[in-house]
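Participant: A structural model of the following input is requested.
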Amino acid sequence: MAESGSQLKLLKAGAWAPDIAVAKSEVAQAEAQVKMAETNIDRLTMRAPIAGVILQNKVRLGQFAPMRSAQ
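Facilitator: Numbering: from 1, shown residues only. From the prediction side, this is the model:
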């Protein structure tokens, strides 16, 4: 009985302030990760300058355009 009474007191007291702060920071971190994923998707999405269909994509992840030498 004493144990259930103490559990009821803890339940009625509500969440512990440090637990709430940790949860809020985890939510903020998750929101930042979602924003980063959305930015990456937007950055990697290929769009045509006019209405049409992209027939071929010759650029792959990790590739870069080589610089021409001045010689």
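
Participant: tell me the first helix or strand C-terminal of the worst-scoring helix or strand of the chain on mean pLDDT.
Facilitator: Every helix and strand in the chain was compared by mean pLDDT, DSSP states H and E; the lowest is helix 2-13, with a mean of 82. Sequence-wise, the next helix or strand downstream of helix 2-13 (DSSP states H and E) is helix 17-44.

Participant: can you give me how far that following helix is from the chain middle?
Facilitator: What separates the centre of helix 17-44 from the centre of its chain is 5 Å, taken as CA atoms, centre = their mean, to the nearest Å.

Participant: any idea of the mean pLDDT in that helix?
Facilitator: Averaged over helix 17-44, pLDDT sits at 93.

Participant: now do stretch 47-56
Facilitator: Mean predicted lDDT for stretch 47-56 stands at 78.

Participant: can I get the CA coordinates of the least confident helix or strand of the chain in CSV?
Facilitator: Taking Å, rounded to 0.1, in the frame of the first residue of the first chain, the C-alpha atoms of helix 2-13 are listed here in CSV:
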residue,chain,number,x,y,z
ALA,A,2,2.8,2.4,0.9
GLU,A,3,4.5,1.9,-2.5
SER,A,4,1.3,2.5,-4.5
GLY,A,5,0.7,5.7,-2.4
SER,A,6,4.2,7.0,-3.2
GLN,A,7,3.7,6.2,-6.9
LEU,A,8,0.4,8.1,-6.8
LYS,A,9,2.2,11.1,-5.3
LEU,A,10,4.9,11.0,-8.0
LEU,A,11,2.2,10.8,-10.7
LYS,A,12,0.3,13.7,-9.3
ALA,A,13,3.5,15.8,-8.9
